[in-house]
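Colleague: Quick one, what's the 3D model for this:
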Amino acid sequence: MRKRDWELLFSEFDLRGVLDAQLHSVNDRVVTIGKDRFETESDEMIAASVASGLVVAPIELREEDISVSSRDVKVDVSHDFDRAVFDRSQPFHVDGVEVTYHLPFVGDRELLKCRPNTFTLNPPRAVIAAGELQFPYDKPGRDVAATKSLFTQDLATLKQWLPWVNQKVGEYNGSLESTVRTRIIERRSELARIGQDLSSLGFRVRAGESTRPASSSSNASKGNTVQRRTKTRERARKSYDVALSFAGDDREYVEQVAEELRVLGVTVFYDRFEQVELWGKDLAEHFGNVYGKDSRFVVVFASRAYAAKAWPNHEKRFALGQHLAAGNERILPVRFDETEIPGIPPTTSYLDLRVITPKKLAELIRQKVDSEASHP
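Modeller: So this is what the prediction gives:
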């Protein structure tokens, strides 16, 4: 396949326009939220849920998983002036090989079609396939080695462009939660005002067609909160309000969540908080108990590292077993990237940590814990 037949990357749409259009869709998403959610969930919880659904996943190249393939082809050498070709107006084919470099990637593939603010006049080319970019090179004869330098050059051009795209995506994701939360707050006020206006008409207001003024549950009274959590744990025979299941690669973020939860008075299992307790124990058995039966909730921090490592999967297995047995929302999955975690149904709602700070996530976990403590 000639390079001119490859797709021109980062050239079809304007990236800023695409991201702006995504932000403009926030209003449409918010106005479709049922009134009951505003009566039962906080602004923070609704905003985190909506924002998680609007995250744009940046493109990440999986260079460690590059593979190659080859096939025999006929190569047109009519434009090779080092060859004795008498009629260059016609294709002249010789035996050759096509070597294809397969470069896996994760992220939103539509970004590969979007032009960033910063660019050059030499955009990269490739063949966009499912989950990978393909770079096929035709060579007369069997000169496989000669294709590597061509691929190296094309990869360098691609890696020059990707940071320009991903920087704008990062800025978009970083502003998303606050933009959604602002609209959620406005919408709550609109619904309260509509409810008041309907009541002022002097007629009976039909159920389901108005909303009573509701306040964010994040401002709930803290007077007996700790006591309620304790009683709920004792009634359920649990040792922890929540356990955090994560891969060591993601510890920096998770530790901030754990520290915030402790400040909020939530009883949390986080391994570094219990180093003395864990000393000398059979960790396989102990973690099985913690994640399987001793915690009311388990937050699963999904990531590529989480899916690949043994201990997180051990924890997840016990948490899932108890989750299925209990038949409730016991597992609270959050994600660092697009990795699917086996065993967690694809229809399960995740919160996306690319738009949620550790402090914000800790507050959302607290709200979940306290909501269940109020309604055991």
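Colleague: make it CA atoms for all contacts and neighbour counts henceforth
Modeller: Fine.
Colleague: Check for me that N117 belongs to a strand.
Modeller: No: assessed by DSSP: H, G, I helix; E, B strand; the rest coil, N117 does not belong to a strand; its assignment is coil.
Colleague: Make 16 the first number, not 1, from now on.
Modeller: With the count now opening at 16, the last piece we talked about shows up as N132.
Colleague: Assign a three-state SS to A222, would you?
Modeller: Classified using three-state DSSP, A222 is coil.
Colleague: tally of neighbours for A141?
Modeller: 22 (other Cα atoms under 10 Å).
Colleague: Hmm, L24 and it touching each other?
Modeller: Yes: with contact defined as Cα atoms under 8 Å, A141 counts as touching L24 (7.1 Å).
Colleague: would you list every one of the helices in this structure?
Modeller: When secondary structure is read from DSSP state H, the chain shows helices at 30-46, 50-55, 58-67, 161-214, 240-251, 266-278, 290-293, 298-307, 319-323, 325-341, 373-389.
Colleague: most neighbours per residue, which of these?
Modeller: helix 58-67 (a mean of 22; mean count of other Cα atoms under 10 Å).
Colleague: Can you spell out which helices and strands pack onto that one?
Modeller: Judged by 3 or more Cα pairs under 8 Å, 6 or more residues apart in numbering; DSSP states H and E, helix 58-67 is in contact with helix 161-214, strand 366-367.
Colleague: Turn these into CSV, including mean pLDDT.
Modeller: Formatted as CSV, the helices and strands packed on helix 58-67 follow (pLDDT from 0 to 100):
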stretch, mean pLDDT
helix 161-214, 95
strand 366-367, 96
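Colleague: Looking at those, spot the one closest to I346.
Modeller: Among the helices and strands packed on helix 58-67, the nearest to I346 by Cα to Cα is strand 366-367 (12.0 Å).
Colleague: contact partners of that closest one?
Modeller: Contacts to strand 366-367, defined as Cα atoms under 8 Å, 6 or more residues apart in numbering, come from residues A63, S64, A66, S67, V70, P348, V349, R350, F351, D352.
Colleague: any chance of the residues you listed in CSV, with distance to E205 and pLDDT too?
Modeller: As requested, those are arranged in CSV below (distance: Cα to Cα, whole Å; pLDDT from 0 to 100):
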residue, distance to E205, pLDDT
A63, 20, 96
S64, 20, 95
A66, 20, 96
S67, 23, 96
V70, 26, 96
P348, 31, 94
V349, 30, 96
R350, 32, 95
F351, 34, 96
D352, 35, 93
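Colleague: Identify, from these, the entry nearest to D43.
Modeller: For the contacts of strand 366-367, the closest approach to D43 (Cα to Cα) belongs to A66, at 12.7 Å.
Colleague: ok, for the closest one, nearest residue in space, not its chain neighbours?
Modeller: E192 (5.4 Å; Cα to Cα, 6 or more residues apart in numbering).
Colleague: ok, now which ones touch that neighbour?
Modeller: Residues counted as contacts of E192 (Cα under 8 Å, 6+ apart) are A62, A63, A66, V370, I371.
Colleague: What is the burial count for the spatially closest residue to D153 that is not a sequence neighbour?
Modeller: Once flanking residues are discounted, D153 sits nearest to E113: 4.4 Å by Cα to Cα, 6+ apart. Number of residues near E113 (other Cα under 10 Å) recorded here: 24.
Colleague: Quick one: residues contacting E113.
Modeller: M16, S85, R86, D87, V88, P151, Y152, D153, K154.
Colleague: From these, list just the buried residues.
Modeller: The neighbour count (16 or more other Cα atoms under 10 Å) marks M16, V88, P151, Y152, D153, K154 as buried among the contacts of E113.
Colleague: how close does the fourth one get to P139?
Modeller: In this case it means Y152. Per Cα to Cα, to the nearest Å, Y152 is found 15 Å from P139.
Colleague: Wait, P348 touches F316, no?
Modeller: Yes: contact criterion Cα under 8 Å: P348 and F316 qualify, at 6.3 Å.
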